[in-house]
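Asker: Structure here, sequence nowhere to be found:
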């Protein structure tokens, strides 16, 4: 079982839609989670990170962690064509390990 | 403040040659991570270094791959005797210190082995 699993998509939505991106993880010891955005042929860019269960909001983006079900989500409100990218969830690879384990990424296409 | 700088951006090597990938972390950052991304796959951790020390190389292939982060100069990921399967995008990330959980990525080096 992979430590972090993510539906690869692609996910296509119309402009203005609410987007929901999801990951599951296997290690209950994970203490924080991150979402990165990666445009085609570019490096990943940190979008949000969260340390605990609950929601964290930043502009149009909301990150949600449900530790009981080992489920993390990223919601994008009022999606824009410029949001078209691959979204990667990440968590520490194992307790005490600083390097990140990434999901395989979900490709999002927002249609104008 | 310049971000993480990687060079070259694109590198073509013939099978059996050596590839050297360079990463200059953000100013003030002393922790460097290397990741590999195969087509249509997520990033896979390779190695974590601090200045002059390899901290975690659990993701590094046992043969042909090595990494260093000298006291002066960029971090280097070296791949000897490259094979077609080494073709991938290699990303470097840096963070400022042991307490920081944020890692900032460079634009990557795309290695093509022909």
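Answerer: That came in fine, so what should we check first? Remember, predicted model here, so these are calculated numbers, not experimental data.
Asker: Roughly how far does residue B:80 sit from residue B:34?
Answerer: Separation of residue B:80 from residue B:34 (CB to CB, to the nearest Å): 15 Å. C-beta here means a position set from N, CA and C on the backbone, and glycine is covered the same way.
Asker: Neighbour count: the two, which is higher?
Answerer: residue B:34 (27 against 13; other CB atoms under 10 Å in any protein chain shown).
Asker: Look up which residues are beta-bridged to that one.
Answerer: Residue B:34 has these beta-bridge partners by DSSP bridges: residue B:47, residue B:92.
Asker: how about it, what does it touch?
Answerer: Shown in contact with residue B:34 (CB atoms under 8 Å, 6 or more residues apart in numbering or on different chains): B:23, B:45-47, B:49, B:67, B:75, B:77, B:90-92.
Asker: Looking at those, state which has the most neighbours.
Answerer: residue B:92 (30 neighbours).
Asker: Quote the end-to-end distance of stretch B:33-42.
Answerer: Start-to-end span of stretch B:33-42 (CA to CA, to the nearest Å) is 15 Å.
Asker: quick one: buried residues of it?
Answerer: Using 16 or more other CB atoms under 10 Å in any protein chain shown as the burial criterion, the residues of stretch B:33-42 that qualify are B:33-37, B:42.
Asker: any idea which of those residues is least confident?
Answerer: Within the set of these, pLDDT is lowest for residue B:42 (81).
Asker: tell me the contacts of it?
Answerer: With CB under 8 Å, 6+ apart, residue B:42 has these contacts: A:6, A:88, A:102-105.
Asker: Need the phi and psi values for it.
Answerer: Backbone torsions for residue B:42, taken as degrees, to the nearest 10, come to phi -80, psi 180.
Asker: what do you get for residue B:85?
Answerer: phi -70, psi -10.
Asker: Find the residue ranges of the chain scoring beneath the pLDDT cut-off.
Answerer: Using chain A here. A:52, A:93-98 (pLDDT under 70).
Asker: Please refer instead to chain B.
Answerer: B:1, B:98-101.
Asker: Give me every residue in it lying close to chain A.
Answerer: Within chain B, the positions near chain A by CB under 8 Å from any CB of the partner chain are B:4, B:31, B:33, B:35, B:40-45, B:48, B:55-56, B:59, B:91, B:95, B:98, B:101-108, B:110.
Asker: Can you flag which of those residues belong to strands?
Answerer: Within the residues of chain B next to chain A, residues falling in strands by DSSP state E are B:31, B:33, B:35, B:43-45, B:48, B:55-56, B:91, B:95, B:104-105, B:110.
Asker: ok, and the most crowded of the residues you listed?
Answerer: residue B:43 (30 neighbours).
Asker: these two touch, right, residue B:30 and residue B:97?
Answerer: Yes. Under the criterion of CB atoms under 8 Å, residue B:30 makes contact with residue B:97 at 6.8 Å.
Asker: more neighbours, these two?
Answerer: Between residue B:30 and residue B:97, counted using other CB under 10 Å, the more crowded position is residue B:30 (14 against 10).
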